[in-house]
Structures are given as structure tokens and as C-alpha cells.
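Enquirer: Sequence plus the predicted model coming up.
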Amino acid sequence: MRVRFPSLAPMKKVAVVGGGVIGQYISWKLSEAGYDVSVFDYRKKEYLKDKSCSVLVSERIKDFIPITDNIIENTIDYCDINFSRGKTTLQFSPCHLALNKERLMELLLKLNNESGTRFFFETRIRKIPKDFDYIIGCDGADSTIRKLMNLKAPQLKMGVQWFLNQKDESKTTETFLRKNGFTWRIPRGDNIECGFFGESEERGSGMKGALIPSPRFPLINAGLIFSNQDNVVLCGDSMGLTKPWSGGGIIWNLYASDILINNFPNFKKYKKEVIKFFWWKILKGKILNAIVHFLGRYFPYIIPRKIKYDNDFSVAFTSEK
């Protein structure tokens, strides 16, 4: 009797455009799942750390990436929100970690190398790659992949980041509300990070500390943009997924990444589940952000002095007048 062995399907080739945190997380997980993954990034390998990002994230990041102690620069338990008159203090639950971006990228590169991911640095993508079964755009708020598909860009705001050469190991970050955004101050241990998020004409007004000569100006978007091609998908900042009240998005984008990975390559189901998981969170965030800005400007005494707060999903647990 002739024995017939099932034919082995060829390994599917995946191109990930963008080698930031989200791009590398997705490439690592897909490589582990058996896909042939290549990552393309226009930067040099040593410059992956240079994208302006606070990397101030909740401890939930440990559910996705095996963060080691040497990556953590400081632990942040509180956030003082300063209004024009008065302030309120958020007690983060879970607490937040100020991570070293360079060491985080080194860890992700190591995980990808161990799983067999190929990297192509200093490579600009000028058209949708044709030699791959699937393309994943993780190339930031000003996404080239999104532009090549002629998709409408989400709303863009300006972020500014600079550092003060001053040691500060305190556990409280500060924010100062502005008309169209906010400024922040994050103690990182060996230095202090300062920044602004919002409309450019508002930046830095009344902020503690001096602006160093060369601040970085990243674009930050807000909204959800999905691919119009069957074999191309967007994730991370290129999809426009950021928290309405902070502009940050690493934890949200890691959740979206897992939705993509768990449904890969069913991009229609991915889109459906992302909308289901995030639509209310985005809407609630926009509403609460508007309310806090209004009350902080005109009726700050109404806001509790201390709130136990989940900063990832905008949930308050207790409050103190």
C-alpha cells in the first residue's frame, strides 16, 4: 500500500513596515508562530530608540513583554494634575513604569533575532511590497503605508519632548492643563523628562524648567484608520489608536496587536474586534477629557483632591474630597 504524506504548505511571508515597539512586538509573535517575517525601517539600527516617546506605561506591559529590572528607570505611583486654580492627584492603579527606551528596543531586537525575524534597516518603503503574502503597517502617525493606500489621515497634534539634566527619583509625575492640551514632568531617576501635547501655539507656557535647544517634535494622531486592501493591515500609531486624554498608546496598541496576532491573517475579524474593544473607550476618553478640561478651568473645586485611577482605561475607583 502506498503511503501518502500531506504536502507541507509554504511558509507565509510577512512584511512589517516599522521597527518601533509595536512593529517589533508583532514581528516577534508572528515569527514564533511560524511565519517568515521581515521588518523594514528607514532608520539605522542604533536610532530605533530615538523616536520621541515617554515610554511611561503601566505595569500591564509585563503581560506582553518580559520587562527586566534594568529597563525600569523609575516607578511612578501618582500624577498631580494642575489646573489654573488648584489640583487633583491620581493614584495610578496599576502603577506606571518609566522605561529606558534604548534597553527596551534592545530586548525586542533580541527576542526577534532568537525567533528568526529578518531586519532591513535604512530601507525606505516607496510602494506596497509585492513579494509578501501579508503587509503590516506599523510605521507611525505619518504612516507611509497608509499614504500609499490613499487613506485619509487621522487628526494630528503636536508633541514636544525635552530633558533636564537633574536627578529626580520621586514617584509623582506632574501635568499642567492647557487650553488645547497639557504639559508634563516625569522624574526618571537620572534626569527629568518634560513635554507638551496639543496645539503647537500652546506648548511650554508656564512649564517648570527650561527648553533645551533641540526638542523633538513627533506627530500624534487620534482615531481609527483601517486598510482598504485584503493583504495589508495597519496597527499601532499608523492606525491612529491613541488614548484621547494623553496621546499615549503603547498599552492600547499592544492590546490591538494581540487582537491582530490572534486573528492573523483574518483582517476583517481583526477590524471587527478592534472596533468592538476600543470604540467605547475612545468615546468615553474624549468625553471625560472634555469634562476635566472644562471643570479644571472653571470649577476646579468640584473635582476630588485624590482619585485612585486606572490610566489605561480611564476608570476611577475611589475619591477623596
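Expert: Nice, thanks for sending it over. Residues are numbered from 1 along each chain as shown.
Enquirer: Run through the chain and note the low-pLDDT ranges.
Expert: Residues of the chain that meet the criterion pLDDT under 70 lie in 1-10, 52, 155-156, 179-180, 199-222, 318-321.
Enquirer: measure residue 315 to residue 92 for me?
Expert: Separation of residue 315 from residue 92 (CB to CB, to the nearest Å): 11 Å. From N, CA and C alone the C-beta is placed, and that goes for glycine too.
Enquirer: Name the residues contacting each of those two.
Expert: Each of residue 309 lies in contact with both residue 315 and residue 92 under the rule CB atoms under 8 Å, 6 or more residues apart in numbering.
Enquirer: out of those two, which sits in the busier spot?
Expert: Taking neighbours as other CB atoms under 10 Å, residue 315 and residue 92 compare with residue 92 leading, 21 against 11.
Enquirer: Tell me where the stretch 51-200 of the chain has strands.
Expert: Secondary structure of the stretch 51-200 of the chain (DSSP state E, counting those that start in this stretch): strands at 56-58, 72-82, 87-99, 118-120, 134-137, 155-164, 172-178, 181-187, 192-198.
Enquirer: Against residue 37, how distant is residue 264?
Expert: Counting by CB to CB, the gap from residue 264 to residue 37 is 11 Å.
Enquirer: Overlap of the contact sets of these two?
Expert: residue 30.
Enquirer: between these two, who's got more neighbours?
Expert: residue 37 (28 against 20).
Enquirer: who touches that one in this structure?
Expert: When contacts are counted by CB under 8 Å, 6+ apart, residue 37 touches 14-16, 27, 30-31, 116-118.
Enquirer: let's see 10 Å
Expert: Neighbouring residues of residue 37 by CB atoms under 10 Å, 6 or more residues apart in numbering: 11-16, 26-31, 112, 115-119, 132, 134, 136.
Enquirer: Same check on residue 303?
Expert: Here residue 303 is in contact with 81, 83, 86-88, 291-292, 295-296, 319, 321 (CB under 10 Å, 6+ apart).
Enquirer: Would you mind giving both backbone torsions of it?
Expert: phi -80, psi 130 (degrees, to the nearest 10).
Enquirer: residues in contact with residue 271?
Expert: Per CB under 10 Å, 6+ apart, neighbours of residue 271: 224, 226-227, 233-234, 239, 259-260, 263.
Enquirer: Out of those residues, name the ones that lie in strands.
Expert: The members of the contacts of residue 271 that map onto strands under DSSP state E are 233-234.
Enquirer: what's the closest of the contacts of residue 271 to residue 146?
Expert: residue 234 (6.2 Å; CB to CB).
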